[in-house]
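*Asks:* Give me a model of this one.
(4 chains)
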Number of protein chains: 2
Amino acid sequence: MTTSTQAPLDADVAEVIRGAGLRLTKPRGAVLRALHDRPHASADDVLSSVAAVFPKASLQSVYNALSDFVSAGIVRRFEPAGSPGLYELRVDDNHHHLVCTQCGAVSDVDCAVGHAPCLTPSETQGFVVHQAEVTYSGLCAACASTTTTTDTTKTTTG
Amino acid sequence: MTTSTQAPLDADVAEVIRGAGLRLTKPRGAVLRALHDRPHASADDVLSSVAAVFPKASLQSVYNALSDFVSAGIVRRFEPAGSPGLYELRVDDNHHHLVCTQCGAVSDVDCAVGHAPCLTPSETQGFVVHQAEVTYSGLCAACASTTTTTDTTKTTTG
DNA sequence: TCCAATATTTTGAATGACTCAAGATTGTGC
DNA sequence: GCACAATCTTGAGTCATTCAAAATATTGGA
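*Replies:* Residues are numbered from 1 along each chain as shown, chains lettered A, B, ... in the order given. I've put the predicted structure just below:
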């Protein structure tokens, strides 16, 4: 939040964007910083962060920037079922996600294999598999504790 | 497709719906048959099938029936990234999906473990994991062969 | 430093997938 | 066959996202 942490971040951000072959613009810089601050953000989340430092930004610019980043390979998009698309900066490693079905919280889980596809289906039926997307769903620590105390909720395991 | 296969199917369908504690109605029967015919169908796909035997059906009834079935546990909904929700009848086993990124074709892959969650993340960070959703993406046999043979045409083979 | 070329942003509208609501209809047990 | 509740239908509304075209800003070069 302070200038001392912001300044080098700005430099990083600029470098990453230019390094991806993209022009450095205010909206793009703000979008990348937003993703840095909130590692699993929806386009709307990003707009909120961006608007704080650059009020003129539109949701459309956010979508533009995000999809440019995804195409350039510096941002990854994933989409837990029933949730809007989420964007994250971790792209080099092949990690997976823990999603809380109650509050929507998302955590990263490192992949044991580390490269895609980390899993290979038993019978590929002729498919050429490039990637395995793994999403664990359940309850985050906070929701689990509030739920398990006198718990009548049914755990729909399946 | 003939009456000889349709008749016992109708009986099955009725039994499944009633067995789930739901009233048997024309739209519901038609929706369940549609899923039987097309194992990975979107609501729209289902409507197409349903409309053939019951033209009065609306998309809304299809959504109603599908979500009733999902709640009742006789149908499963899943949602490959960037695709509308798909519905399938296989609910008892814990299987996964192969999705073709080019034509959208979906195949089932049996899960080696057989029950959910079939995978356990290395570090759960306090999460109580109920289910692991695994989606393999790549190219189906048809798309893989047309793509590798020096071709630029995109095969929209549903 | 200023310019031109063009990448990017902005504004506004449109789409697809799905949900909400309320009145009409139908299935089911009696 | 009736009554009551479950379900269907119609119509409108929402959310996430994309399309389009004119306005603006960035970057390499003069």
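
*Asks:* What helices and strands are in contact with the top helix by length along chain A?
*Replies:* If each helix of chain A is counted by residues according to DSSP state H, the longest one is helix A:3-19. Contact partners of helix A:3-19 among helices and strands, from 3 or more Cβ pairs under 8 Å, 6 or more residues apart in numbering or on different chains; DSSP states H and E: helix A:26-37. Quick note: C-beta positions are derived from backbone N, CA and C, even for glycine.

*Asks:* List the buried residues of the helix it packs on.
*Replies:* A:27-35 (16 or more other Cβ atoms under 10 Å in any protein chain shown).

*Asks:* Quick one: mean pLDDT over the longest strand along chain A.
*Replies:* Ranked by number of residues, the top strand in chain A under DSSP state E is strand A:128-139. The pLDDT scores in strand A:128-139 average 90.

*Asks:* Give the pairing partners of it; include direction for each.
*Replies:* Its sheet considered, strand A:128-139 pairs with strand A:96-100 (parallel), strand B:128-139 (antiparallel) by DSSP bridges.

*Asks:* Would you mind pulling the contact partners of it?
*Replies:* Residues from elsewhere that reach strand A:128-139, judged by Cβ atoms under 8 Å, 6 or more residues apart in numbering or on different chains: A:78, A:80-81, A:96-102, A:109, A:111, A:116-121, A:144, A:147, B:81, B:98, B:101, B:117, B:119, B:121, B:127-139, B:144.

*Asks:* For A:Phe78, what are phi and psi?
*Replies:* Phi and psi for A:Phe78, reported as degrees, to the nearest 10, are phi -140, psi 170.

*Asks:* From chain B, how far out is it?
*Replies:* A:Phe78 sits 7 Å away from chain B when distances are taken as Cβ to the nearest Cβ, to the nearest Å.

*Asks:* Now do the contacts for that residue.
*Replies:* A:85-86, A:88, A:97, A:133, A:135, B:81.

*Asks:* And those, which is closest to B:Asp45?
*Replies:* Proximity of the contacts of A:Phe78 to B:Asp45 was ranked by Cβ to Cβ; the top entry is B:Ala81 with 18.3 Å.

*Asks:* Count the neighbours of the residue nearest to that closest one when sequence neighbours are not counted for me.
*Replies:* Residue nearest to B:Ala81 in three dimensions, not counting chain neighbours: A:Glu79, with 4.2 Å by Cβ to Cβ, 6 or more residues apart in numbering or on different chains. Close neighbours of A:Glu79, defined as other Cβ atoms under 10 Å in any protein chain shown, add up to 17.

*Asks:* The one 5 residues further on now?
*Replies:* Residues near A:Pro84, counting by other Cβ under 10 Å, number 10.

*Asks:* Just give the nearest non-adjacent residue to it, would you?
*Replies:* A:Pro84's closest residue in space is A:Ser42 (Cβ to Cβ, 6+ apart), at 4.6 Å.

*Asks:* hang on, that neighbour packs against A:Glu79?
*Replies:* No - using Cβ atoms under 8 Å as the test, A:Ser42 is too far from A:Glu79 to be in contact (9.8 Å).

*Asks:* gap between whichever residue of chain A sits closest to DNA strand D and B:Phe54?
*Replies:* Using Cβ to the nearest atom of the strand, A:Gly85 is the residue of chain A that sits closest to DNA strand D, at 3.0 Å. To B:Phe54, A:Gly85 is 35 Å away according to Cβ to Cβ, to the nearest Å.

*Asks:* repeat for A:Ala14
*Replies:* 60 Å.

*Asks:* Can you name the residues of chain A that neighbour DNA strand C?
*Replies:* For chain A, the contact set with DNA strand C under Cβ under 7 Å from any atom of the strand comprises A:22-23, A:25-28, A:56-61, A:64-65, A:68.

*Asks:* and if we set it to 6 Å?
*Replies:* A:22-23, A:25, A:27-28, A:56-58, A:60-61, A:64-65 (Cβ under 6 Å from any atom of the strand).

*Asks:* State the phi and psi torsions of the closest residue to A:Gly126 other than its chain neighbours.
*Replies:* Once flanking residues are discounted, A:Gly126 sits nearest to B:Ala141: 2.9 Å by Cβ to Cβ, 6+ apart. B:Ala141 adopts backbone torsions of phi -50, psi -50, taken as degrees, to the nearest 10.

*Asks:* Wait, B:Ala141 touches A:Phe127, no?
*Replies:* Yes - using Cβ under 8 Å, B:Ala141 is in contact with A:Phe127, at 6.7 Å.
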